[in-house]
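*Asks:* Pasting the sequence and the predicted model now:
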Amino acid sequence: MPLHIGAHVDQEDPIAEARARGATLSQFFLGDPQSYKGPVVRYAGGAAALKADAAAAGIDLYVHAPYPINVASLNNRIRIPGRKLLQQHLHMAAEIGAKGVIVHGGHLGVDEDAATGFDNWRKCVDGLDLPVPLLIENTAGGDNAMARRLEAIGRLWDAIGAASGGDTVGFCLDTCHAHAGGNDLRTVVDQVRSITGRIDLVHANDSRDAFDSGADRHTNLGSGHIDGEALAEVIRAAAAPVVCETPGGPEGQSADIAWLRSKVD
């Protein structure tokens, strides 16, 4: 089966961006990724036009939630606005026909109780309206992160399991974050799937940083610290759509997409 692959692209025209890369999907932000302001559709014609045009072009759309969202936080001024913003993005993602919204697992301070953070995730999921799947992404840094190491992902899934409503909460596996977070790429797909039951999306990124470094700096495939064959095996084993969040715009990402297709298709 051909690899269903694309890249993280500029939001003004994700359909044209996919075509420029010979891709079948696009991931993008809705508005400012560093802001608590609500989502904005910058495509000409708005949400309805984007939904119709993407469907006609055969391009699947994925939305990445803003970076400040941390629904695990013990700080009300972070957690509560983050929940509201996440809900807004889920509703807007449904309006444009997106396949899902990706959000980072979040973290707590080093001396804060992780159990409370996992319970905050449960409360968040329990209170969300999920018109499209919410895909929780593993993260690379922080010893008190909700989705860095396998043990934490297990605790997170135990917490949200009863509230997740079946297919509405899924998992996005980032290869750079897994590597820099101290997870072996040779086994991580089977281990994550044994916890979550699913991998819905893969972020295929090489890492500028060493194994278990805690950093999350992406680089183009084959130019970082991740073994190329191990990365390709993640894609084969996950059997999920793939997003390259690598630098270089259409040229750099097209090369990464072509490299993966040569390894996996």
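*Replies:* Structure received. Small disclaimer: the values here were computed from a predicted structure and weren't measured. Numbering: from 1, shown residues only.

*Asks:* what about residue 135, helix or strand, and which?
*Replies:* Using DSSP states H and E, residue 135 sits within strand 134-137.

*Asks:* again but with residue 91, I slipped
*Replies:* Assigned by DSSP H and E, residue 91 falls in helix 76-95.

*Asks:* how about that helix: buried residues?
*Replies:* Buried residues in helix 76-95, defined by neighbour count with 16 or more other CB atoms under 10 Å: 78-79, 82-83, 85-95. Every residue, glycine included, has its C-beta placed from N, CA and C.

*Asks:* now, the most widely separated pair of those residues?
*Replies:* 78 and 95 (26.2 Å; CB to CB).

*Asks:* what are the ranges of the strands in the stretch 151-265 of the chain?
*Replies:* 169-174, 201-203, 206-207, 218-219, 242-244 (DSSP state E, counting those that start in this stretch).

*Asks:* So what are the sheet partners of the fourth one and their directions?
*Replies:* Yep, that's strand 218-219 we're talking about. With DSSP bridges as the test, strand 218-219 is paired with strand 206-207 (antiparallel).

*Asks:* Tell me how far the partner strand lies from the chain's centre.
*Replies:* Averaging C-alpha positions (CA atoms, centre = their mean, to the nearest Å) puts strand 206-207 15 Å from its chain's average.

*Asks:* Need the contact partners of that strand.
*Replies:* With contact meaning CB atoms under 8 Å, 6 or more residues apart in numbering, strand 206-207 is reached by 175-176, 179-180, 213, 215, 217-226, 231, 246.

*Asks:* Equivalent analysis for stretch 214-225, please.
*Replies:* Here stretch 214-225 makes contact (CB under 8 Å, 6+ apart) with 139-142, 176-177, 179-181, 204-211, 228, 231, 244-248, 252, 255-256, 259-260.

*Asks:* Okay then, goodbye and thanks.
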